[in-house]
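[1] need a structure here:
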Amino acid sequence: MKKIILILCLMIVLVNIYGCTSKKIYEDNVLIKITDDNGRQIAFSKKPERIVVLSPSFLELLEVLNGNVVGRAESTIARTPDFARNAATVGFIFSINTEKVVELKPDLIVAYKDMHEKYIQLFEANGIPVVVLNLKTYEDVKHSIKVLGELTGQKEKGIKFAAELDKKVQNTVRKLPKNTKRVAILHSSAQNVTLEQENSIAGCVAKLLQMHNIVQDIQGVAASTGEQMSDKAPYNLEFLIEKDPEIIFVTSMGDKIDIETRLQNDVMSSPAWKSITAVKNNAVYYLPDELFLLNPGLRYPQAVEYMAEKLRGQD
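    Numbering: from 1, shown residues only. Next comes the predicted model:
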């Protein structure tokens with residue numbers, strides 16, 4: 001009986017030693033551990049050398065961080081940096097060719113938040129780590145370049161680029177007059193017209209420039225009722241007239257002729273439209289797709305300067 005008890009005790013000790021050793025080995029093998037924008041913790045035993053991006057918006061960030069991109073999703077409006085032109089295409093941003101991605105044998109996939117989550121399980125089942133990053137607001141860009149800096153072994157460079165972005169943006173903001181302008185940001189597609197909120201690209205830029213986005217008043221009502229806001233709110237002409245913006249910016253997606261028709265039919269054809277201060281002062285500006293439809297990334301200071309120039313023209 002004593003012999004049996006002794007054997008059991010030895011087995012327990014061995015199990016504990018093995019468990020501690022396994023844990024220690026695992027910890028020693030982790031070179032990089034990050035938390036992505038979906039709150040998922042991903043560990044890497046080595047610096048990723050074969051990267052696939054599911055959105056071209058990440059390419060510019062990886063270019064300055066010397067990331068090795070072997071695969072990229074395409075977009076009809078996003079430019080492809082020269083360094084990634086030879087990378088294999090893996091479908092379009094909204095329709096990823098998963099088989100092609102797996103064939104490339106990447107050791108990192110960078111996915112866009114709220115767009116590519118449906119692919120995570122499949123890729124991870126094939127042993128490919130997926131890091132999900134958001135890339136809408138200015139803060140998202142700074143955060144993403146820091147995360148990608150860690151992943152590419154360029155942590156200090158990522159921090160440096162984020163600081164340089166801040167310097168350029170603040171330089172533009174300091175030159176602006178101190179009076180706050182009321183602004184509305186319309187987003188037009190062939191299907192409908194909406195108002196952009198502060199977590200959209202144009203909304204974020206307007207906030208950086210200390211404009212008062214009239215859609216904030218809608219957000220206040222929604223917050224009090226516990227509703228979760230997206231980056232767009234329903235368009236309402238009566239609300240627009242009531243808030244009387246001094247500047248109106250317009251972003252668009254789709255065929256320009258269809259969009260102009262939609263705007264004319266749904267917005268500009270109303271006699272009340274002409275009573276808005278921005279319309280009377282010819283302060284209605286169409287924002288360029290390359291800076292305000294897809295995330296401008298490192299060109300965020302250019303987007304800020306573009307909008308600031310229009311703002312200065314109204315003083």
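
[2] all strands of the stretch 1-150 of the chain, in order?
    Assigned by DSSP state E, counting those that start in this stretch, the strands in the stretch 1-150 of the chain fall at 32-35, 41-44, 51-53, 69-74, 88-92, 95-96, 108-112, 130-133.

[3] Which parts of the protein belong to which domain?
    Residue ranges for the domains of the chain, per automatic domain parsing: 32-171, 175-312.

[4] For these, give me JSON lines that also has mean neighbour count.
    For glycine as for every other residue, the C-beta is placed from the backbone atoms N, C-alpha and C. Compiled in JSON lines, those are given as follows (neighbours: other C-beta atoms under 10 Å):
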{"stretch": "domain 32-171", "mean neighbour count": "18"}
{"stretch": "domain 175-312", "mean neighbour count": "17"}
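
[5] Lowest mean pLDDT across these, which one is that?
    Ranked by mean pLDDT, those bottom out at domain 175-312, with a mean of 85.

[6] Look up how far residue 261 lies from the closest residue to residue 155 other than its chain neighbours.
    Leaving aside its sequence neighbours, residue 155 sits nearest to residue 149 (C-beta to C-beta, 6 or more residues apart in numbering; 4.9 Å). Residue 149 is 45 Å from residue 261, where distance means C-beta to C-beta, to the nearest Å.

[7] Please list all residues in contact with residue 98.
    Contacts of residue 98 were listed using C-beta atoms under 8 Å, 6 or more residues apart in numbering, and they are 119, 122-123.

[8] how much space is there between it and residue 42?
    The value you get for residue 98 to residue 42, if C-beta to C-beta is used, is 19 Å.

[9] Which residues outside whichever strand or helix holds residue 279 are in contact with it?
    When elements are assigned from DSSP states H and E, residue 279 belongs to helix 277-280. Under the contact criterion C-beta under 8 Å, 6+ apart, helix 277-280 has outside partners 184, 244-248, 273-274, 283-284.

[10] Please apply the same query to stretch 48-56.
    59, 62, 67-75, 78-80, 90, 93, 96, 101, 104-112, 115-116, 119, 129, 135, 151-152, 294.

[11] Let's see the distance spanning that stretch from one end to the other.
    18 Å (C-alpha to C-alpha, to the nearest Å).

[12] again, but for stretch 106-119
    End-to-end span of stretch 106-119 (C-alpha to C-alpha): 14 Å.

[13] Same check on stretch 189-209?
    End-to-end span of stretch 189-209 (C-alpha to C-alpha): 26 Å.

[14] wait, what's in contact with the residue positioned nearest the centre of the chain?
    Nearest to the mean C-alpha position of the chain, by C-alpha atoms, centre = their mean, lies residue 135 at 1.2 Å. Residue 135 makes contacts with 55, 57-58, 112-113, 141, 144, 295, 297, as judged by C-beta under 8 Å, 6+ apart.

[15] can you rerun that using 10 Å?
    Going by C-beta atoms under 10 Å, 6 or more residues apart in numbering, residue 135 touches 37, 55, 57-58, 61, 110, 112-113, 141, 143-145, 201, 294-297.

[16] Excluding chain neighbours, give the residue nearest to it in space.
    Nearest non-adjacent residue to residue 135, counting by C-beta to C-beta, 6+ apart: residue 295, 4.5 Å away.

[17] Am I right that the one you found is in a strand?
    No: secondary structure of residue 295 (DSSP: H, G, I helix; E, B strand; the rest coil): coil, not part of a strand.

[18] gap between it and residue 172?
    Distance from residue 295 to residue 172, counting by C-beta to C-beta: 18 Å.

[19] now swap in residue 49 and tell me
    Distance from residue 49 to residue 172, counting by C-beta to C-beta: 37 Å.

[20] again, but for residue 145
    Going from residue 145 to residue 172 by C-beta to C-beta gives 19 Å.

[21] do the same with residue 293
    21 Å.

[22] same deal with residue 147?
    25 Å.

[23] nearest residue to residue 134 other than its sequence neighbours?
    residue 113 (4.0 Å).
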